[in-house]
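Visitor: build me a model:
(chains A and B)
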There are 2 protein chains.
Amino acid sequence: MKTSGDTIIMTNTVGVLSYAAVGGKKEAEGPLAKNFDVLITDSRYDEKTWERAESSFSKQCLHTALHKAHIGADKLNAVVGGDLQNQCTATSYTMCDFSVPLLGVYSACATMTQALALCACMVDGGAWQCAAAVASSHFCTAERQFRTPLVYGGKRTPTAQWTVTGAGAVILTDRQSAPYVRSVTFGKVCNFNISDINNMGAAMAPAAASTIMQHFKDTGTSADDFDAIYTGDLGHLGSDLLLKLLLKEGVVVNNHRDCGLIIYDRDYQKVHCGASGAACSATVLCCDVLPKLASGQLKRVLFLSTGALMSQTTFLQGQNIPAIAHLAELCAHDAF
Amino acid sequence: MKTSGDTIIMTNTVGVLSYAAVGGKKEAEGPLAKNFDVLITDSRYDEKTWERAESSFSKQCLHTALHKAHIGADKLNAVVGGDLQNQCTATSYTMCDFSVPLLGVYSACATMTQALALCACMVDGGAWQCAAAVASSHFCTAERQFRTPLVYGGKRTPTAQWTVTGAGAVILTDRQSAPYVRSVTFGKVCNFNISDINNMGAAMAPAAASTIMQHFKDTGTSADDFDAIYTGDLGHLGSDLLLKLLLKEGVVVNNHRDCGLIIYDRDYQKVHCGASGAACSATVLCCDVLPKLASGQLKRVLFLSTGALMSQTTFLQGQNIPAIAHLAELCAHDAF
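Guide: Numbers count the residues shown, from 1 in each chain, chains lettered A, B, ... in the order given. Here you go, the predicted structure:
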C-alpha cells in the first residue's frame, strides 16, 4: 500500500471473489428484488426475536457468499463486520456459527464500507489471503432501539428514512479477480450541529462531502474520472444537500447515486426520504454495484457509506449528531 | 506481514511511540495510582452527563499520548478506537475534536487489543506511518446501560466485577521504537453457554484459552517463552478457570497475570472478583505493561483483552454470552 493524504492506494491485488445480498419483505417488493441472492419475507425468519432474526439474515448472507465463491469458511482468514444493534450483537451471534476470527467494527450505516476498506488493506498488506466484510440491519430492531417501539405506532416524519432489513457480504482475495478494490479513504468525524434524529440525511451529507473532496484532493481525480459516485443512505434530502455542499466548494458532480434512493420505490413503498441502515449500502453494493462492475456496465466507481454516530442515549441527552463517511474505489477488470 | 494460522507476524517495524493512561476516582485509590498519567477524581469531569465525561476522559488520554510523543494530531494517519457505550458514542464524540480519520471498532472489553493489533497490521503493511489505538469505559455509563440504574442501589453479586473508569491510548509508528509489536492473533467468537451477566469471567475464560492456544500452535511457542501472559479482565474466577482450561489441554502457564486483578486492591476496594471494562486492559497496558517493557523489567509478553459480546437486549431475551479474546505480542528492544 501507499498513502496519499487520507487515501490508501493498493499496490498488490485485492480482488472481489464473491458477494451476496439477503433482503426481507420490503426489499422483496422493491425495484432491486430480482437482484437479491436470497429474499426472506418473514421478518422473524422463524426466530423468537427480531434481534435473532437479524443474525440469521447475516448468517444466510455469509453462507451464500461462501457458496458462490465455492469455498468453505475455513478458507477465510477473518471476518470484519458490524451492525446497528447495541454492542453489535447481530454480528457477534452470527459469528458463533463460524470458526473464523472476527474483527468487530462500528461506524453506524458506514459499517459496510469501513469493513470492506479494512479488509482490502489487510489483504493488500499480506496479513490475509482471503477475508469477508459483512454488515446487517433490521427495520424492527432499529426502530425500537433508536426511535419508538413498533407497537406504539408512531407517525413517521416526512424526513424519515426506512431501515433496510437484510445483510450484505463481500469476500476479498489476494488473487487476481474482478471487480477489484483500487483505493480506500477512511473518513473523519464531522459534526455540523444537526440534532433531528429523523433527518439523518442532513447530518450525514457533510461527512460524505468531506470524504469525497478528500479523495479527489489525495488522488488528483474529479467526478468525471468515475462512472458513478455512490453514497450509502443520504436519502432524498441528504443527496440534495450533498450536491449543494460540493457545489459550494466548486465541485460539480453529475453522476451521484444514493443507495437509499435505489433499493425502494419511494412513492409506491411509502418510505418518505428513502432507505437507510447498515444493510442499505451493503445490499445495494452486493446486488447492484458489484454485479454492474462484474458485467462491465460500470468501469470505475467511488462507493461511500455514511454513518450517523449518535445513540438513543446521546439523543435524549440533547447531543448533536456527528457523522462519518468511508470510501472505497471499485473497478472493473478493464477499467484502465 | 506473514501469516501463520490465525497469527499475523510483523515483517517491518511497528514501534510504540508513546502511550497514556487516564483514570478516575477508584483508579486513583488503587495500587497503580502513581503510574497513571492523569487522574480525574470527578467522575463527571465537569460535564452534564457521565456519557460526555467518558468522552472527556478519552480526549484527555489521546491528547496526553500525543503530548508525550511530542507530535500534533496532524501526524496521525488514523485513530482506531471504541468503547462500551451503545453505538460506541464515547469514541465518536471524542473524535469530533480531532481532524483525523476514525475506524470505529467494537469487541467489548477486548476493544483495546483489537484496536492495537489492527493499527499494528496497518502500520506494518504501509497503510499508515503513525496511528493511535484508543479505548475507554466508565463505571457509571456501563452500570446503568448493562445492569441497573445506579440510583437503584442494586446489591452486587460476589462474582461481579467493577468497570474501570478511564481510557488508554497507544501511538504506533513505522519508525524504530521500543517497545514494539511483534505479532498479533485475532480471536474467534466462543460460546460456552454461560448466561450469568454477573459472571463475565466465566464467559470470557474459554475465549482467552482458545486464543492463547491458537497463538502457541501458530508460532511454535509455549508459556515459557514469555515473561508474562496478561489477560484483560477475567477477574478472580475467570483467571482460575482459564488456568484450569489450559491445564485440561496440557498447557501449563505459571506466568499469567490479569489486568482485572492488578488495577484495584480487591479486598480493600471491595470490587469483588476484580476489575473489568474496555479501559481495564487499556489502562493497565499503558500504565503498567508498556512502562515495564520500556524499562526492560519485562522483555517479551503476550497481551490479551477479553470481551463478552452480549447486550442488555440479548441478555433479557435469554441469550447466552459469547466471548472473544484478541492478542498482541509485545517486546522490549532487547527481547531477542
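Visitor: and the gap between the residue in the stretch 51-200 of chain A positioned nearest to chain B and residue A:193?
Guide: Across the stretch 51-200 of chain A, the shortest distance to chain B (C-beta to the nearest C-beta) belongs to residue A:125, at 2.2 Å. The C-beta positions use only the backbone N, C-alpha and C, and glycine is treated the same way. Residue A:125 is 38 Å from residue A:193, where distance means C-beta to C-beta, to the nearest Å.
Visitor: get me the contact residues on the stretch 101-250 of chain A for chain B.
Guide: By the rule C-beta under 8 Å from any C-beta of the partner chain, the part of the stretch 101-250 of chain A lying against chain B is A:101-108, A:114, A:118, A:121-122, A:124-129, A:145, A:185-189, A:191.
Visitor: which among these count as buried?
Guide: Buried residues within these, defined by neighbour count using 16 or more other C-beta atoms under 10 Å in any protein chain shown: A:101-108, A:114, A:118, A:121-122, A:124-128, A:145, A:185-189, A:191.
Visitor: among those, which are located in helices?
Guide: Under the assignment DSSP state H, these contribute A:114, A:118, A:121, A:122, A:124, A:145 to helices.
Visitor: how near is the fourth one to residue A:38?
Guide: In this view, residue A:122 and residue A:38 are 27 Å apart by C-beta to C-beta.
Visitor: and stretch A:119-128, how far apart are its ends?
Guide: 8 Å (C-alpha to C-alpha, to the nearest Å).
Visitor: so what's the closest residue to residue A:105 other than its chain neighbours up against?
Guide: Nearest non-adjacent residue to residue A:105, counting by C-beta to C-beta, 6 or more residues apart in numbering or on different chains: residue A:82, 4.4 Å away. Residues counted as contacts of residue A:82 (C-beta atoms under 8 Å, 6 or more residues apart in numbering or on different chains) are A:88, A:91, A:104-107, A:111, A:114-115, A:134-135, A:278, B:106.
Visitor: report the beta-bridge partners for residue A:82.
Guide: Beta-bridge partners recorded for residue A:82 (DSSP bridges): residue A:135.
Visitor: separation between it and residue A:200?
Guide: Taking C-beta to C-beta, one finds residue A:82 at 17 Å from residue A:200.
Visitor: swap in residue A:16?
Guide: Taking C-beta to C-beta, one finds residue A:16 at 28 Å from residue A:200.
Visitor: between these two, which one's more packed in?
Guide: The neighbour count for residue A:16 versus residue A:200, taken as other C-beta atoms under 10 Å in any protein chain shown, is higher for residue A:200 (30 against 23).
Visitor: need the pLDDT of the more buried one.
Guide: At residue A:200, the predicted lDDT confidence score is 85.
Visitor: residue ranges with poor pLDDT in chain A?
Guide: For chain A, applying pLDDT under 70 flags no range at all.
Visitor: run through the residues that contact residue A:16.
Guide: A:170, A:171, A:172, A:173, A:177, A:178, A:179, A:180, A:181, A:290, A:294, A:330.
Visitor: go again with 10 Å.
Guide: A:69, A:116, A:120, A:170-173, A:177-181, A:286, A:290, A:293-294, A:330-331 (C-beta atoms under 10 Å, 6 or more residues apart in numbering or on different chains).
Visitor: the host helix or strand of residue A:171 pairs with which strands?
Guide: Under the criterion of DSSP states H and E, residue A:171 resides in strand A:166-173. Strand A:166-173 sits in its sheet next to strand A:15-23 (antiparallel), strand A:130-137 (antiparallel), going by DSSP bridges.
Visitor: out of those, indicate the one that is most buried.
Guide: strand A:130-137 (a mean of 31; mean count of other C-beta atoms under 10 Å in any protein chain shown).
Visitor: grab the nearest non-local neighbour of residue A:198.
Guide: residue A:157 (4.4 Å).
Visitor: for that neighbour, helix, strand, or coil?
Guide: Following DSSP: H, G, I helix; E, B strand; the rest coil, residue A:157 is assigned to coil.
Visitor: contacts only, for it.
Guide: Counted by C-beta under 10 Å, 6+ apart, residue A:157 has contacts A:196, A:197, A:198, A:199, A:272, A:273.
Visitor: all set now, cheers.
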